[in-house]
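Student: predicted structure and sequence below. I'll ask about it afterward.
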Amino acid sequence: MSETIKKIDPESEEFKTELEKTKRFTDKVINQFNWSYNPDNEININIQFGLTRNKLIYGKRYCPCFFVQNDETDRVCPCAPAIEHEIPEEGVCHCQIFCTPEYASRKSVEETADEVAHQHSRGLTKAEVEAILARPQLDTDELQALIEARDLGMVKFKILDVREWMENKGARIVGTDHLIPTTSFYDALAAANLDKEIPVIVYCHVGSRSAHCQRILKAMEFKHVGNLTHGIVSYRGPLARG
């Protein structure tokens, strides 16, 4: 290893002492701005380690997600872009350690929903269902969980198959509401007379055509459009044929 590389030992007493100071510093920032920590504590720990490293190397807690260039572009935590734009507009800073309480609450629900949907450990709550439905990309477990929740009357959405007629007849996801083939997309969409306020989920064979249709529907101001990322070939739920 090059001798020019600065070597910070995280097991050293110097680092451990400075890390505790950094933790007190981030606690103070949270209280000062009425923010919250990210629900994913691993993110928080990694950023605290990075802030500590930069403090020992550069003498300031520069943001560990950016190069330190020793000029006016350097971000010192809590940085101005986070305070002025990122957190007010997006709910979370670039490094993701600091966020609004609302963002933290939403992320907690999403993380729990992930675990439940993929491990099938219990039924989803309404909040968890809504968190999954809000995602632009869905996998097979998530779509299956949403269909089950819809069958229970917990949520409303429409499933659109954007493949061709012969593909749909060969196999389609049980619960599909409309066939909107890409070769006659606009005419079939008009005939379906969909309510743009009700979320839709699109799928095709491997997710490419549906991703294109997702972009079109979003441009047409549908409230929310989700895509089955890897298409029907990835779907492990029941299929209808004929």
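Tutor: Structure received. Here the structure is a predicted model, which means the values were calculated and not measured.
Student: centre-most residue in this protein?
Tutor: The centroid of the chain falls nearest to R135 when counting by C-alpha atoms, centre = their mean (6.8 Å).
Student: quick one: it and G123, what's the gap?
Tutor: 19 Å (C-beta to C-beta, to the nearest Å). Every C-beta, even on glycine, is put in place using the N, C-alpha and C of the backbone.
Student: for the worst-scoring helix or strand of the chain on mean pLDDT, C-alpha coordinates in PDB please.
Tutor: Sorting the helices and strands of the chain by mean pLDDT, DSSP states H and E puts helix 101-119 at the bottom, at a mean of 78. What follows is helix 101-119, C-alpha atoms only, in PDB (Å, rounded to 0.1, in the frame of the first residue of the first chain):
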ATOM      1  CA  PRO A 101     -39.700  12.600  10.800                       C
ATOM      2  CA  GLU A 102     -42.200  12.000   8.100                       C
ATOM      3  CA  TYR A 103     -39.500  10.500   5.800                       C
ATOM      4  CA  ALA A 104     -38.300   8.300   8.700                       C
ATOM      5  CA  SER A 105     -41.700   7.100   9.400                       C
ATOM      6  CA  ARG A 106     -42.400   6.200   5.800                       C
ATOM      7  CA  LYS A 107     -39.100   4.400   5.400                       C
ATOM      8  CA  SER A 108     -39.800   2.400   8.500                       C
ATOM      9  CA  VAL A 109     -43.100   1.300   7.100                       C
ATOM     10  CA  GLU A 110     -41.500   0.400   3.700                       C
ATOM     11  CA  GLU A 111     -38.700  -1.700   5.400                       C
ATOM     12  CA  THR A 112     -41.300  -3.600   7.400                       C
ATOM     13  CA  ALA A 113     -43.400  -4.100   4.300                       C
ATOM     14  CA  ASP A 114     -40.400  -5.500   2.400                       C
ATOM     15  CA  GLU A 115     -39.800  -8.000   5.100                       C
ATOM     16  CA  VAL A 116     -43.400  -9.100   5.300                       C
ATOM     17  CA  ALA A 117     -43.900  -9.300   1.500                       C
ATOM     18  CA  HIS A 118     -40.800 -11.300   0.800                       C
ATOM     19  CA  GLN A 119     -40.900 -13.600   3.900                       C
END
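Student: rewinding a little: and the closest residue to the residue nearest to the centre of the chain other than its chain neighbours, what element?
Tutor: Nearest residue to R135 in three dimensions, chain neighbours excluded: G226, at 6.2 Å (C-beta to C-beta, 6 or more residues apart in numbering). Following DSSP states H and E, one finds G226 within strand 225-228.
Student: please enumerate the strands of this protein.
Tutor: 36-37, 98-99, 137-138, 158-161, 172-173, 178-179, 200-203, 225-228, 239-240 (DSSP state E).
Student: quick one: which of those strands is nearest Y62?
Tutor: strand 98-99 (15.2 Å; C-beta to C-beta).
Student: what is the distance between that closest one and the centre of its chain?
Tutor: Centre-to-centre, strand 98-99 and its host chain are 15 Å apart (C-alpha atoms, centre = their mean, to the nearest Å).
Student: by contact count, what packs against it?
Tutor: Applying 3 or more C-beta pairs under 8 Å, 6 or more residues apart in numbering; DSSP states H and E, one finds that strand 98-99 contacts helix 13-33, strand 36-37.
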